[in-house]
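Colleague: Kindly generate the corresponding structure for this input.
(one chain, ligands or ions: 1)
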Amino acid sequence: MKFEKYATRFVQEIGSKQGAISPSITQSAAFAYGDSATGEGIFDGSVQKPLYSRMGNPTTAKLEGILARLDGGIGAVCTSSGMGAVALSCMSIVSAGDEIISIGGLFGGTFALFNETLRRFGIHTSFFDVDELEAIEAAITAKTKIIYLESVGNPNMRLPDIGLIADIANRNGVVLIVDNTVTPMSIRPLELGADICVYSTTKIISGNATVLGGAAVFRAIDMESADKFKTERYSDIHKFIDKMGKMALIPNAKKRALRDFGMSASAFASYLTMLGMETLPLRMERVVESVEKISAGLDQAGFEINHPCLPDHPHHQRYKNLFSKGCGSLLTIDMGTREKAFALLDNSKLLFITANLGDSRTLALHMASTIYSDFSDEQREFLGITPGLIRVSIGLENPEDIIEDLIRARG
Ligand SMILES: *Cc1c(COP(=O)(O)O)cnc(C)c1O
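Modeller: Modelled structure (predicted):
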């Protein structure tokens, strides 16, 4: 099995060997300090006790520890949603006048954040395809603070060579953030050279559409990365490095984003996320095998399928070499026209029509009429959104049932 070590680790870490086995939910907004000196210590960071749930909660802290160990980070900060984690990781680093380089087919919310909202705050983002390495390196200026990348293009299904992009980021002293929502465990961005790995835990980490959540996992500021962070470019972060050393990116994120924007996770959300996470390795194993079977089955039946497991996909070799544990639950079907796409979705008996992904059930959505409906034609073309495009997120059903259902639905 591809995720054996995580199967042991997650259930062991989430359960407790004494008292209540299931994680306890600390349902309190505020915490009493007992005495003034302890209060002072909590605020200056010398006493490790909860301050106020916007800044951290014991149930959420348990989940943060598990996610930090998953990616080999020094720590993690959980948020109220995946967009909360994207916003936290970016807003704790950029200031007005700074630049972001965004690579790959981008999640709609992140694209809107970069292209509209951050622009209003004077932060400029330029967009590149995963293979435009020379143009990416040439676009880096003294104001570039972040290179942002998704581990799998959603929905264009293009795969980045994360190691090569990390080399560019590190060579030029720029922070690399990787959104690993679609490929937890399969891809380990911090090991490949990224500084921050972000997740929407709403998706396959929870896996059952019960709860929104997000997380940012941070690398240690160690000998290797200190050179990069000690530069003028990141002078805003120096005070945290001086005080907190290798932990610096955590208080930077907590103080600059959680404290001031308040995208904090709730204890109950963190509890539900941990319940989902117990079965993540088993579900992921099933899903990455089913995606390959369904892609091949539908391809054979004459559907226009986009998935890098198929030999004619431009990143098929990269899929075999760098994504040997799969690239998550997504594939796309191009039905040619909006009418044919609607007919397939509406005739299917098994698909759930929704914008979510990574669920136990197989989900599907017509892209141009929904998530990308208010994008310009040019933006849709850049993101690979054709008129008949359907994104499918494969669930835990028998893959043969899904293939049969779609062939029948096509008529
Ligand atoms: C869903 C998603 C997000 C946003 O997460 P929410 O929990 O919906 O806020 C960010 N990135 C990717 C790749 C996603 O799929």
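Colleague: Pull up the gap between whatever residue of the chain ends up closest to the ligand and residue 53, please.
Modeller: Going by CB to the nearest ligand atom, the ligand is nearest to residue 82 of the chain, at 2.1 Å. Glycine gets a C-beta too; all of them are placed from N, C-alpha and C. Look at residue 82 and residue 53: by CB to CB, to the nearest Å, they are 20 Å apart.
Colleague: Near the ligand, which residues of the stretch 51-200 of the chain? Just list them.
Modeller: 81-83, 86, 107, 109-110, 150, 154, 179, 181-182, 200 (CB under 6 Å from any ligand atom).
Colleague: 5 Å - rerun?
Modeller: 81, 82, 83, 107, 179, 181, 200 (CB under 5 Å from any ligand atom).
Colleague: Taking those, tell me the two that lie furthest apart.
Modeller: Greatest spatial distance in those: 81 and 179, 13.0 Å, computed using CB to CB.
Colleague: quick one, which of the two is more surrounded?
Modeller: Neighbours around residue 81 and residue 179, counted as other CB atoms under 10 Å, are more numerous at residue 179. The numbers are 28 against 19.
Colleague: show me where the stretch 151-300 of the chain has helices.
Modeller: 162-171, 223-229, 238-244, 249-253, 259-261, 267-277, 280-300 (DSSP state H, counting those that start in this stretch).
Colleague: same check, this time on the stretch 301-411 of the chain
Modeller: Going by DSSP H, counting those that start in this stretch, the stretch 301-411 of the chain shows helices at 316-322, 338-347, 377-383, 399-410.
Colleague: Name the residues that touch the second one?
Modeller: For helix 338-347, contacts defined as CB atoms under 8 Å, 6 or more residues apart in numbering pick out 333, 335, 351, 353, 364-366, 368-369, 387-390, 406, 408-411.
Colleague: What sits closest to residue 141 if chain neighbours are left out?
Modeller: Nearest residue to residue 141 in three dimensions, chain neighbours excluded: residue 99, at 6.2 Å (CB to CB, 6 or more residues apart in numbering).
Colleague: in stretch 335-352, what counts as buried?
Modeller: Of all the residues in stretch 335-352, those buried under the rule 16 or more other CB atoms under 10 Å are 335, 340, 341, 342, 344, 345, 348, 350, 351, 352.
Colleague: And stretch 238-250, by the same measure?
Modeller: In stretch 238-250, counting by 16+ other CB under 10 Å, buried: 240, 241, 246, 247, 248, 249, 250.
Colleague: Distance to residue 132 for those - can I get that in TSV?
Modeller: Output for the buried residues of stretch 238-250, formatted as TSV (distance: CB to CB, whole Å):
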residue	distance to residue 132
240	33
241	32
246	33
247	35
248	32
249	28
250	33
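Colleague: which pair in the residues you listed spans the largest distance?
Modeller: Among the buried residues of stretch 238-250, 241 and 250 lie farthest apart (CB to CB), at 11.6 Å.
Colleague: which residues in the stretch 1-150 of the chain form helices?
Modeller: Under DSSP H, counting those that start in this stretch, the stretch 1-150 of the chain gives helices at 4-14, 36-44, 58-71, 82-91, 108-112, 118-120, 133-139.
Colleague: comparing the helices of the stretch 301-411 of the chain, which gets the lowest mean pLDDT score?
Modeller: Of all those, mean pLDDT reaches its minimum on helix 377-383 (a mean of 85).
Colleague: Which strands or helices does that one pack on?
Modeller: Packing partners of helix 377-383 (3 or more CB pairs under 8 Å, 6 or more residues apart in numbering; DSSP states H and E): none among the helices and strands.
Colleague: Which of the helices and strands in the protein ranks last by mean pLDDT?
Modeller: None of the helices or strands of the chain scores lower by mean pLDDT, DSSP states H and E than helix 223-229, at a mean of 81.
Colleague: elements contacting that helix?
Modeller: Taking 3+ CB pairs under 8 Å, 6+ apart as the contact cut, helix 223-229 packs with helix 238-244.
Colleague: And for the helix it packs on, what's in contact with it?
Modeller: 45, 221, 226, 229, 230, 248, 249, 250, 251, 252, 255.
Colleague: List the contacts of the fifth one.
Modeller: This points to residue 230. Here residue 230 is in contact with 238, 241 (CB under 8 Å, 6+ apart).
Colleague: hmm, who's touching the lengthiest strand in the chain?
Modeller: Longest strand of the chain, by residue count under DSSP state E: strand 144-150. When contacts are defined by CB under 8 Å, 6+ apart, strand 144-150 is touched by residues 90, 93-95, 98-107, 110, 114, 125, 130, 136, 140, 160, 162, 165, 168-169, 172, 174-179, 181-182, 194, 233-234.
Colleague: Dump the C-alpha coordinates for that strand into CSV.
Modeller: As requested, the backbone C-alpha atoms of strand 144-150 are provided in CSV (Å, rounded to 0.1, in the frame of the first residue of the first chain):
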residue,chain,number,x,y,z
THR,A,144,8.8,39.5,-5.5
LYS,A,145,8.0,38.0,-2.1
ILE,A,146,6.1,34.8,-3.0
ILE,A,147,6.1,32.1,-5.7
TYR,A,148,2.8,30.3,-5.4
LEU,A,149,2.1,26.9,-6.9
GLU,A,150,-0.6,24.2,-6.8
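Colleague: what does the stretch 251-400 of the chain have sitting close to the ligand?
Modeller: Taking CB under 5 Å from any ligand atom, no part of the stretch 251-400 of the chain reaches the ligand.
Colleague: ok, 6 Å please
Modeller: Residues of the stretch 251-400 of the chain lying near the ligand (CB under 6 Å from any ligand atom): residue 357.
Colleague: quick one: low-confidence ranges for the stretch 251-400 of the chain?
Modeller: When residues are selected by pLDDT under 70, none of them lie in the stretch 251-400 of the chain.
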